[in-house]
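**Student:** only geometry, no sequence info:
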């Protein structure tokens with residue numbers, strides 16, 4: 001029996017079924033599907049999915065996609081134009097060449113990729129928060145971090161389209177048309193790339209030079225692989241070889257079970273932001289909650305006993321902003337703090353005496369204790385053993401963060417809604433997804449307060 005949908009359904013209308021055309025196209029491009037699986041709209045958790053028709057053992061290849069069947073800037077019909085003007089298509093996202101390819105291929109009746117792209121007749125049915133109204137985002141996703149991320153996305157998309165894409169389109173009116181290839185369609189295709197594209201991992205190098213500064217590989221569309229749905233406890237994984245990409249079984253799959261890929265270790269807020277769905281929060285082992293660094297500053301200031309103490313806290317903030325650089329939040333998972341070194345640094349400084357802080361500034365920092373196991377100290381098992389002043393700061397900062405989720409008192413609490421199955425199922429998909437995000441984050445913060453409350 002299928003579990004809760006891991007991707008929003010794509011509406012293609014009752015009379016349309018592009019799946020047979022797509023499977024026929026797969027045969028023509030050399031995409032080989034194992035005889036132990038089938039692609040189906042029935043029995044899967046979303047519009048499309050893959051089911052096992054026989055027991056599958058670990059290591060068996062479920063399908064193989066030749067590199068010639070991957071859709072990216074080098075395989076599109078407009079690859080020569082994109083390559084010749086590559087320098088003019090540079091942008092912070094690095095996605096412009098693929099998006100221009102998709103703009104062309106999706107709207108071209110003669111496109112080689114039409115049977116593949118016809119699986120998605122309306123990208124707006126990808127229910128990313130970027131397609132919600134701003135009021136919905138700010139109300140349903142308050143304090144989750146998603147509204148701010150979406151606002152940034154939309155501003156970047158518009159800037160990229162206006163500054164990079166439109167000038168390029170104007171130079172090639174025989175291939176693109178601003179009346180057809182609009183900002184609206186471009187935004188939809190950004191959501192499509194967010195939800196369905198893959199990025200090949202960087203090759204591991206033995207040298208210690210500037211490999212860490214390499215730009216990530218550009219995204220690409222991988223037919224068939226993008227039809228698999230996600231759960232954190234997945235049973236298949238995509239492997240990259242020089243000639244092809246292969247989906248390989250990593251956990252035994254019994255006949256009738258769905259094949260699940262993984263999109264990585266994703267918290268529910270990330271899944272909703274990038275893919276338009278969530279997992280049940282209790283089952284998502286990768287869920288996280290953020291505590292803004294500013295909340296620690298606020299708590300420290302509230303604990304100041306005098307004007308001199310408040311001035312000292314302000315001085316510590318100035319120093320910590322330099323130490324923390326761009327860090328704006330501390331991230332907590334279900335097993336403890338995931339940004340433990342940064343949190344430890346902040347707690348050390350905020351809890352220093354005036355004399356120790358003066359010495360800290362004079363010495364431009366402190367010597368690291370090599371014997372100290374920071375990850376253990378800030379795990380759920382170790383939190384209770386922290387200094388009392390550190391626990392107090394964490395406890396109060398977590399409580400301050402929890403208050404930012406509060407809504408009108410007459411509205412049913414999130415946890416009550418989650419436990420009332422009838423009321424939960426009556427909610428819209430957007431409200432259900434938002435509820436999973438909020439409950440997951442709040443449960444982590446509540447647990448954190450319990451562990452630091454003594």
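**Tutor:** Received, thanks. Worth saying up front: this structure is predicted, and the values here are computed from it rather than measured.
**Student:** pLDDT below threshold where in the chain?
**Tutor:** 1-16, 43-46, 124, 204-213, 364-372, 407-412 (pLDDT under 70).
**Student:** tell me the SS of the most centrally placed residue in it?
**Tutor:** The chain has residue 270 as the residue nearest its centroid, 3.3 Å off, counting by Cα atoms, centre = their mean. Here residue 270 is recorded as helix under DSSP: H, G, I helix; E, B strand; the rest coil.
**Student:** and residue 232, helix, strand or coil?
**Tutor:** coil.
**Student:** contacts only, for it.
**Tutor:** 262, 265, 266, 279, 283, 284, 285, 286 (Cβ atoms under 8 Å, 6 or more residues apart in numbering). For every residue, glycine as well, the C-beta is placed using N, CA and C.
**Student:** now it: phi and psi?
**Tutor:** Residue 232 has phi and psi values of phi -70, psi -30 when expressed as degrees, to the nearest 10.
**Student:** now residue 50
**Tutor:** According to degrees, to the nearest 10, residue 50 has phi -120, psi 130.
**Student:** repeat that for the one 3 residues further on.
**Tutor:** Backbone geometry at residue 53, expressed as degrees, to the nearest 10, gives phi -100, psi 0.
**Student:** burial measure for it, as a count.
**Tutor:** For residue 53, the neighbour count with other Cβ atoms under 10 Å is 14.
**Student:** then the one 3 residues further on?
**Tutor:** If you count neighbours by other Cβ under 10 Å, residue 56 ends up with 23.
**Student:** hmm, residue 35 and it touching each other?
**Tutor:** No - Residue 56 lies out of contact with residue 35 (Cβ atoms under 8 Å); the separation is 10.7 Å.
**Student:** in what helix or strand does residue 203 lie?
**Tutor:** In the assignment (DSSP states H and E), residue 203 maps to no helix and no strand.
**Student:** same question for residue 260.
**Tutor:** strand 258-261.
**Student:** each with direction, which strands does that strand pair with?
**Tutor:** Sheet pairing of strand 258-261 (DSSP bridges) gives strand 49-52 (antiparallel), strand 229-230 (parallel).
**Student:** who touches the helix or strand just after the last one?
**Tutor:** Right, the one you point to is strand 229-230. Using DSSP H and E, the helix or strand that follows strand 229-230 in sequence is strand 236-240. Residues outside strand 236-240 that contact it (Cβ under 8 Å, 6+ apart): 62, 198, 200-201, 222, 225, 228, 245-250, 253, 259-262.
**Student:** give me the subset of those residues lying in strands.
**Tutor:** Among the contacts of strand 236-240, DSSP state E puts 62, 198, 245, 246, 247, 248, 249, 259, 260, 261 in strands.
**Student:** neighbours around the closest residue to the second one other than its chain neighbours, how many?
**Tutor:** On the basis of Cβ to Cβ, 6 or more residues apart in numbering, the spatially nearest residue to residue 198 that is not a chain neighbour turns out to be residue 222, at 4.9 Å. Residues contacting residue 222 under the criterion other Cβ under 10 Å number 23.
**Student:** same question for the one 5 residues further on.
**Tutor:** Residue neighbour count, defined by other Cβ under 10 Å, stands at 23 for residue 227.
**Student:** you'd agree it is up against residue 41?
**Tutor:** No - with contact defined as Cβ under 8 Å, residue 227 does not count as touching residue 41 (10.3 Å).
**Student:** contact partners for the residue nearest to residue 62 when sequence neighbours are not counted?
**Tutor:** Spatial nearest neighbour of residue 62, excluding adjacent residues (Cβ to Cβ, 6+ apart): residue 247 at 4.4 Å. Taking Cβ under 8 Å, 6+ apart, we find residue 247 in contact with 61, 62, 63, 224, 225, 228, 236, 237, 238, 239, 259, 261.
**Student:** top of the contacts of residue 232 by number of neighbours, please.
**Tutor:** Neighbour max across those (other Cβ under 10 Å) = residue 279, 25 neighbours.
**Student:** now that residue, what's its secondary structure?
**Tutor:** Assignment for residue 279 (three-state DSSP): coil.
**Student:** any idea how far it lies from residue 271?
**Tutor:** 7 Å (Cβ to Cβ, to the nearest Å).
**Student:** which neighbours do these two have in common?
**Tutor:** With Cβ under 8 Å, 6+ apart, residue 279 and residue 271 have no common neighbours.
**Student:** now restrict the contacts of residue 247 to buried residues only.
**Tutor:** Buried members of the contacts of residue 247, counted by 16 or more other Cβ atoms under 10 Å: 61, 62, 63, 224, 225, 228, 236, 238, 259, 261.
**Student:** phi, psi for the fourth one please.
**Tutor:** Dihedral pair for residue 224: phi 80, psi -50, per degrees, to the nearest 10.
**Student:** can you pull the contacts of it?
**Tutor:** 26, 31, 33, 39, 63, 65, 247.
**Student:** same deal with the third one?
**Tutor:** Under the criterion of Cβ under 8 Å, 6+ apart, the contact list for residue 63 reads 31, 32, 33, 34, 37, 224, 225, 246, 247.
**Student:** out of the residues you listed, which is nearest to residue 417?
**Tutor:** Distances from residue 417 to those, taken as Cβ to Cβ, are shortest for residue 225 (35.2 Å).
**Student:** the closest one is in contact with residue 64, isn't it?
**Tutor:** No - between residue 225 and residue 64 there is no contact under Cβ under 8 Å: 10.4 Å.
**Student:** now for those two: what residues contact both?
**Tutor:** residue 245.
**Student:** what is the neighbour count of the nearest residue to residue 333 once chain neighbours are set aside?
**Tutor:** Closest residue to residue 333 apart from its sequence neighbours, by Cβ to Cβ, 6+ apart: residue 288 at 5.0 Å. Applying other Cβ under 10 Å, we find 22 residues neighbouring residue 288.
**Student:** what's the closest non-adjacent residue to residue 178?
**Tutor:** Using Cβ to Cβ, 6+ apart, the closest residue to residue 178 is residue 169 (5.6 Å).
**Student:** that neighbour contacts residue 181, correct?
**Tutor:** Yes - with contacts counted by Cβ under 8 Å, residue 169 reaches residue 181, the gap being 6.1 Å.
**Student:** these two: which is more packed in?
**Tutor:** residue 181 (23 against 19).
**Student:** find the nearest non-adjacent residue to the more buried one, please.
**Tutor:** residue 103 (4.5 Å).
**Student:** those helices in the stretch 251-400 of the chain, which residues are they?
**Tutor:** 268-275, 293-302, 307-324, 340-350, 354-362, 374-377, 388-403 (DSSP state H, counting those that start in this stretch).
**Student:** out of those helices, nearest to residue 151?
**Tutor:** Across the helices of the stretch 251-400 of the chain, closest to residue 151 is helix 268-275 (Cβ to Cβ), at 11.5 Å.
**Student:** which other residues reach the closest one?
**Tutor:** Contacts for helix 268-275 (Cβ under 8 Å, 6+ apart): 7, 128-129, 141, 144-146, 149-150, 194-195, 230, 263, 266, 277-279, 281, 284, 287-288, 433-434, 436-437, 440-441.
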